[in-house]
Structures are given as C-alpha cells and as structure tokens.
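Undergrad: Predicted model follows, preceded by the sequence.
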Amino acid sequence: MIRFKRWLYNGNVELAALIAVILIMIFVGGCASTTYGPASWWSGAGYSDIQLSDEPLVFEVNYDGTAYSNVRSVELKALARACELALEHGKTHVYLLERRQTSKVRSGGSYAIWNPRYATNAGIPNQIYNDAATIPGRALVVQLLNDPPPDVFALDAAATLARIEAEL
C-alpha cells in the first residue's frame, strides 16, 4: 500500500484515474452488453446457428440475450441472423418453420443486509435479497428459399434485414 501511495504522489494521479475509468468501463460495459454478434463465451449473449439439412436448406438459429435485454430485441436479432444466413447462402427468402422461447433464469445467489432501522436485538441481518434475473432467448427453425411457393408466407430476407437494422 505504501508503494502505491508513493507512486501516486510521484505524479501518477492522472494515469491512475485513467486506469480506474478504463476498468470501470470494461466491467460495466461487459455486464450490460447487448450488441448483436456471435455468442460470447464471456456472457453467453449472442447468436449461434446450426445447419439441420442440406436439401431443403434448414437452419436452427438461437439468440440469447442478457439480463438487460428485452424479448422483442432478442426475437428481432434471431430473425436478423436467419436473414443473414439466407443472404450468405444465396437465398432470397426465409420461411419460419418453428419458433421457441428459450429463456433462462439465472440465480446470482442471495445476500443479506443489516439495516439499523429494522435491527433485531441479536444483530442478525434482517433484509434478504435474491439476485435472480430472467435471460430472454429465442430459437428459430427456418428454411431458406429462393422462390417460395405462392401458398407459403416467406419473408424477403434483404427487406426484413433492412427493417430490423433500422429498428435496432
């Protein structure tokens, strides 16, 4: 601790403040990150997809949000990934075969707080909180098509992706 104080007194206050700000941004930004992208090993948020069949071209697309995501944004991001897959494979339309909610409940554990206003004689913590959160997720099974039959309601991949990007 004494070395740290000497280091600060030697004119390194600005550097220490900069390091503190960067660390706070990393920790806070990492917790609430809901940006669109592949699933992160750090938070688990993002998309993943797996090809189920070659002919017809069928994929399962999963998107998991964070505790700060809303269900609508998770749904749109899963659909955006399905549209991207269609365009990557040279297809023009996405036909939705199945849609599932894959939300999870994460328990962060319980913790107790001793509040002197409601103190007991024994000094036992008297307010217990549970840090639990629902993490929204969505799974879509989609078929990628070029020319959908007239009786099938398929989404135009490029137009749908443009609308989703404008909304998000």
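TA: Cool, the structure landed. Numbering: from 1, shown residues only.
Undergrad: Next, work out how far apart the residue nearest to E167 when sequence neighbours are not counted and L57 are.
TA: Excluding its sequence neighbours, the residue lying closest to E167 (CB to CB, 6 or more residues apart in numbering) is L76, at 6.6 Å. C-beta here means a position set from N, CA and C on the backbone, and glycine is covered the same way. Using CB to CB, to the nearest Å, one obtains 22 Å as the distance from L76 to L57.
Undergrad: Over to W41?
TA: As defined by CB to CB, W41 lies at a distance of 28 Å from L57.
Undergrad: what secondary structure does V105 sit in?
TA: Following DSSP: H, G, I helix; E, B strand; the rest coil, the label given to V105 is strand.
Undergrad: Would you check that it makes contact with G137?
TA: No. Under the criterion of CB atoms under 8 Å, V105 is not in contact with G137, lying 11.1 Å apart.
Undergrad: Of the two, which one has the most company?
TA: Taking other CB atoms under 10 Å, V105 and G137 do not tie; G137 has more neighbours (21 against 9).
Undergrad: Count the neighbours of the nearest residue to that one once chain neighbours are set aside for me.
TA: Using CB to CB, 6+ apart and skipping residues adjacent in sequence, the residue nearest G137 is T102, 3.6 Å away. Other residues within reach of T102, judged by other CB under 10 Å, total 14.
Undergrad: And T102, how far from Y47?
TA: 12 Å.
Undergrad: Give me the common contacts of these two.
TA: Contact criterion CB atoms under 8 Å, 6 or more residues apart in numbering; residues shared by T102 and Y47: N62.
Undergrad: Q51 belongs to a helix?
TA: No. Read with three-state DSSP, Q51 is strand and lies in no helix.
Undergrad: Report the contact partners of it.
TA: 57-59.
Undergrad: Next, find the distance separating it from A159.
TA: 24 Å.
Undergrad: For the helix or strand containing E84, which helices and strands make contact with it?
TA: Assigned by DSSP states H and E, E84 belongs to helix 71-88. When contacts are defined as 3 or more CB pairs under 8 Å, 6 or more residues apart in numbering; DSSP states H and E, helix 71-88 packs onto strand 46-53, strand 58-64, strand 93-101, strand 137-145, helix 157-167.
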